[in-house]
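# What would the 3D arrangement of this be:
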Amino acid sequence: LTIQPGIEVKFNTGGILVVAGTLNANGTSGNTIKFTSNLGSPAPGSWRNLSFLASASVNSVVNYCVFEYGGSGSNGATIFYFTGAPAINISNTVVRLSAGHGINVRASSPRISTSIVRDNAGYGIYSDLVTTMKVDSSEAAMNTLGGIRIPINSNPEVTNSRIDSNGTGIFIDNSSAPKI
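Numbering: from 1, shown residues only. So this is what the prediction gives:
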(Lines give C-alpha, C1' and ligand atoms only; values in the text may rest on other atoms or scores of the structure.)
Protein backbone atom coordinates (compact mmCIF):
# COMPACT_ATOMS: atom_id res chain seq x y z
CA LEU A 1 0.00 0.00 0.00
CA THR A 2 1.42 3.37 -1.02
CA ILE A 3 0.02 6.54 0.54
CA GLN A 4 1.00 9.72 -1.26
CA PRO A 5 2.35 12.85 0.51
CA GLY A 6 -0.42 15.23 1.58
CA ILE A 7 -3.06 12.50 2.01
CA GLU A 8 -5.20 12.35 5.16
CA VAL A 9 -6.23 8.83 6.14
CA LYS A 10 -9.33 9.16 8.32
CA PHE A 11 -10.62 6.33 10.49
CA ASN A 12 -14.13 5.74 11.78
CA THR A 13 -14.56 4.74 15.42
CA GLY A 14 -12.64 1.50 16.03
CA GLY A 15 -10.86 1.75 12.67
CA ILE A 16 -7.53 0.00 12.20
CA LEU A 17 -4.92 -0.31 9.45
CA VAL A 18 -3.26 -3.74 9.54
CA VAL A 19 -0.02 -4.11 7.59
CA ALA A 20 0.70 -7.68 6.48
CA GLY A 21 2.84 -6.66 3.50
CA THR A 22 4.52 -3.38 2.55
CA LEU A 23 3.37 0.05 3.67
CA ASN A 24 4.94 3.02 1.91
CA ALA A 25 3.87 6.13 3.85
CA ASN A 26 6.64 8.45 2.72
CA GLY A 27 5.59 12.07 3.16
CA THR A 28 7.81 15.12 2.88
CA SER A 29 8.72 17.92 5.28
CA GLY A 30 6.20 20.24 3.64
CA ASN A 31 3.62 17.60 2.78
CA THR A 32 3.09 15.09 5.59
CA ILE A 33 0.72 12.12 5.62
CA LYS A 34 -1.87 12.34 8.39
CA PHE A 35 -3.57 9.37 10.10
CA THR A 36 -6.47 10.72 12.14
CA SER A 37 -10.08 10.35 13.23
CA ASN A 38 -13.03 10.88 10.92
CA LEU A 39 -15.08 12.36 13.77
CA GLY A 40 -16.03 16.04 13.71
CA SER A 41 -14.78 16.48 17.29
CA PRO A 42 -12.16 13.77 17.76
CA ALA A 43 -10.72 12.70 21.09
CA PRO A 44 -7.91 10.32 22.02
CA GLY A 45 -9.02 6.77 21.23
CA SER A 46 -11.35 7.75 18.37
CA TRP A 47 -9.74 5.00 16.25
CA ARG A 48 -7.50 2.03 17.03
CA ASN A 49 -4.11 1.97 15.36
CA LEU A 50 -1.64 1.14 12.66
CA SER A 51 -0.60 -2.46 13.34
CA PHE A 52 2.41 -4.25 11.87
CA LEU A 53 2.02 -8.03 11.72
CA ALA A 54 4.89 -10.54 11.61
CA SER A 55 4.30 -10.77 7.85
CA ALA A 56 4.83 -7.02 7.34
CA SER A 57 7.75 -6.12 5.10
CA VAL A 58 10.92 -4.73 6.62
CA ASN A 59 10.94 -2.48 3.53
CA SER A 60 7.90 -0.59 4.82
CA VAL A 61 8.35 3.18 5.26
CA VAL A 62 6.83 5.53 7.85
CA ASN A 63 8.39 8.93 7.18
CA TYR A 64 6.99 12.44 7.62
CA CYS A 65 3.69 11.25 9.04
CA VAL A 66 1.35 12.53 11.75
CA PHE A 67 -0.69 10.08 13.87
CA GLU A 68 -3.36 11.50 16.19
CA TYR A 69 -6.43 10.46 18.19
CA GLY A 70 -5.74 6.69 18.01
CA GLY A 71 -4.91 4.17 20.71
CA SER A 72 -8.23 2.50 21.48
CA GLY A 73 -8.68 -1.27 21.60
CA SER A 74 -6.80 -4.11 23.21
CA ASN A 75 -3.36 -3.12 21.82
CA GLY A 76 -3.57 0.29 23.46
CA ALA A 77 -1.18 2.18 21.17
CA THR A 78 -1.51 4.31 18.06
CA ILE A 79 1.33 2.40 16.34
CA PHE A 80 1.60 -1.25 17.36
CA TYR A 81 4.12 -3.94 16.40
CA PHE A 82 2.81 -7.49 16.91
CA THR A 83 5.26 -10.03 18.33
CA GLY A 84 7.50 -11.09 15.45
CA ALA A 85 6.95 -7.91 13.42
CA PRO A 86 10.08 -6.74 11.63
CA ALA A 87 11.99 -3.61 12.65
CA ILE A 88 10.09 -1.11 10.52
CA ASN A 89 11.70 2.27 11.09
CA ILE A 90 9.82 5.46 11.92
CA SER A 91 11.33 8.82 11.03
CA ASN A 92 10.29 12.48 10.99
CA THR A 93 6.94 11.50 12.47
CA VAL A 94 4.63 12.90 15.15
CA VAL A 95 2.52 10.55 17.30
CA ARG A 96 0.17 12.43 19.62
CA LEU A 97 -3.07 12.34 21.53
CA SER A 98 -3.30 8.55 21.91
CA ALA A 99 -5.69 7.01 24.46
CA GLY A 100 -2.85 4.56 25.20
CA HIS A 101 0.83 4.50 24.30
CA GLY A 102 2.11 6.43 21.32
CA ILE A 103 4.22 3.58 19.92
CA ASN A 104 4.36 0.01 21.26
CA VAL A 105 7.31 -1.76 19.65
CA ARG A 106 6.59 -4.98 21.59
CA ALA A 107 9.51 -7.32 20.71
CA SER A 108 10.45 -5.51 17.51
CA SER A 109 13.55 -3.35 17.34
CA PRO A 110 12.88 -0.41 15.04
CA ARG A 111 14.85 2.80 14.79
CA ILE A 112 12.73 5.80 15.77
CA SER A 113 14.50 8.93 14.58
CA THR A 114 13.82 12.66 14.44
CA SER A 115 10.28 11.99 15.68
CA ILE A 116 8.02 13.42 18.38
CA VAL A 117 5.76 11.35 20.66
CA ARG A 118 3.77 13.60 22.96
CA ASP A 119 0.54 14.09 24.84
CA ASN A 120 -0.29 10.37 24.97
CA ALA A 121 -2.15 8.77 27.91
CA GLY A 122 0.39 5.93 28.24
CA TYR A 123 4.10 5.93 27.47
CA GLY A 124 5.38 7.77 24.44
CA ILE A 125 7.41 4.71 23.40
CA TYR A 126 6.65 1.41 25.11
CA SER A 127 7.82 -2.18 25.04
CA ASP A 128 6.89 -5.08 27.30
CA LEU A 129 9.15 -7.66 25.62
CA VAL A 130 12.88 -7.77 24.85
CA THR A 131 13.92 -5.06 22.39
CA THR A 132 17.06 -3.50 20.97
CA MET A 133 15.20 -0.50 19.51
CA LYS A 134 17.08 2.68 18.77
CA VAL A 135 15.60 6.10 19.57
CA ASP A 136 17.67 8.90 18.11
CA SER A 137 17.22 12.66 17.82
CA SER A 138 13.62 12.37 19.00
CA GLU A 139 11.38 13.85 21.68
CA ALA A 140 9.07 12.13 24.18
CA ALA A 141 7.17 14.80 26.11
CA MET A 142 4.05 15.21 28.20
CA ASN A 143 3.08 11.52 28.09
CA THR A 144 1.01 10.61 31.15
CA LEU A 145 2.74 7.35 32.19
CA GLY A 146 6.20 8.08 30.90
CA GLY A 147 8.50 8.96 28.05
CA ILE A 148 10.04 5.55 27.28
CA ARG A 149 9.62 2.12 28.88
CA ILE A 150 12.54 -0.30 28.55
CA PRO A 151 11.55 -3.88 29.40
CA ILE A 152 13.48 -6.64 31.16
CA ASN A 153 16.66 -7.99 29.54
CA SER A 154 16.74 -5.30 26.83
CA ASN A 155 19.60 -3.35 25.32
CA PRO A 156 18.07 -0.41 23.45
CA GLU A 157 19.80 2.86 22.60
CA VAL A 158 18.38 6.31 23.35
CA THR A 159 20.65 9.01 21.95
CA ASN A 160 20.45 12.74 21.23
CA SER A 161 16.83 12.76 22.40
CA ARG A 162 14.76 14.98 24.68
CA ILE A 163 12.66 13.24 27.35
CA ASP A 164 10.68 15.91 29.19
CA SER A 165 7.60 16.48 31.37
CA ASN A 166 6.39 12.86 31.39
CA GLY A 167 4.92 10.88 34.31
CA THR A 168 8.25 8.99 34.41
CA GLY A 169 11.16 9.95 32.18
CA ILE A 170 12.64 6.58 31.17
CA PHE A 171 11.51 3.48 33.05
CA ILE A 172 14.24 0.81 32.99
CA ASP A 173 13.16 -2.69 34.01
CA ASN A 174 15.35 -5.32 35.74
CA SER A 175 18.38 -6.71 33.95
CA SER A 176 18.23 -4.14 31.17
CA ALA A 177 21.34 -2.39 29.92
CA PRO A 178 20.28 0.52 27.75
CA LYS A 179 22.75 2.89 26.16
CA ILE A 180 21.53 6.39 27.01
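
# Could you find the closest non-adjacent residue to the residue nearest the centre of the chain?
Nearest to the mean C-alpha position of the chain, by C-alpha atoms, centre = their mean, lies residue 103 at 2.6 Å. Sequence neighbours aside, residue 79 is the residue nearest to residue 103 in space, at 4.5 Å (criterion: C-beta to C-beta, 6 or more residues apart in numbering). The C-beta positions use only the backbone N, C-alpha and C, and glycine is treated the same way.

# Could you say which helix or strand holds the one you found?
Using DSSP states H and E, residue 79 maps to strand 77-81.

# Next SSE downstream of that strand?
Following strand 77-81 toward the C-terminus (DSSP H and E): strand 90-91.

# Tell me the strands beside that next one, with direction?
Note on strand 90-91: by DSSP bridges, its sheet partners are strand 61-63 (parallel), strand 111-113 (parallel).

# quick one: low-confidence ranges for the chain?
Scanning the chain for pLDDT under 70 picks out nothing.

# Do a quick rundown of the helices in it.
Counting by DSSP state H, one finds no helices in the chain.

# Look up the closest residue to residue 165, ignoring the ones flanking it.
Counting by C-beta to C-beta, 6+ apart, the residue nearest residue 165 is residue 142, at 5.0 Å.

# Contact partners for that neighbour?
118-119, 164-166 (C-beta atoms under 8 Å, 6 or more residues apart in numbering).

# thinking again about what came up before, what pairs with the residue nearest to residue 103 across the strands?
Those that pair with residue 79 in a beta bridge, by DSSP bridges, are residue 50, residue 103.

# quick one, what contacts it?
Residue 79 touches 49-50, 52, 62, 67, 70, 90, 95, 102-104, counting by C-beta under 8 Å, 6+ apart.

# Let's see that with 7 Å instead.
For residue 79, the contacting residues are 49-50, 67, 95, 103, by C-beta atoms under 7 Å, 6 or more residues apart in numbering.

# I'd like to know which of these is nearest to residue 133.
The closest of the contacts of residue 79 to residue 133 turns out to be residue 103 (C-beta to C-beta; 9.2 Å).

# which one of the contacts of residue 142 has the most neighbours?
residue 166 (22 neighbours; other C-beta atoms under 10 Å).

# Look up how far residue 120 lies from it.
Residue 166 is 9 Å from residue 120, where distance means C-beta to C-beta, to the nearest Å.

# Spit out the residues that contact these two alike.
residue 143.
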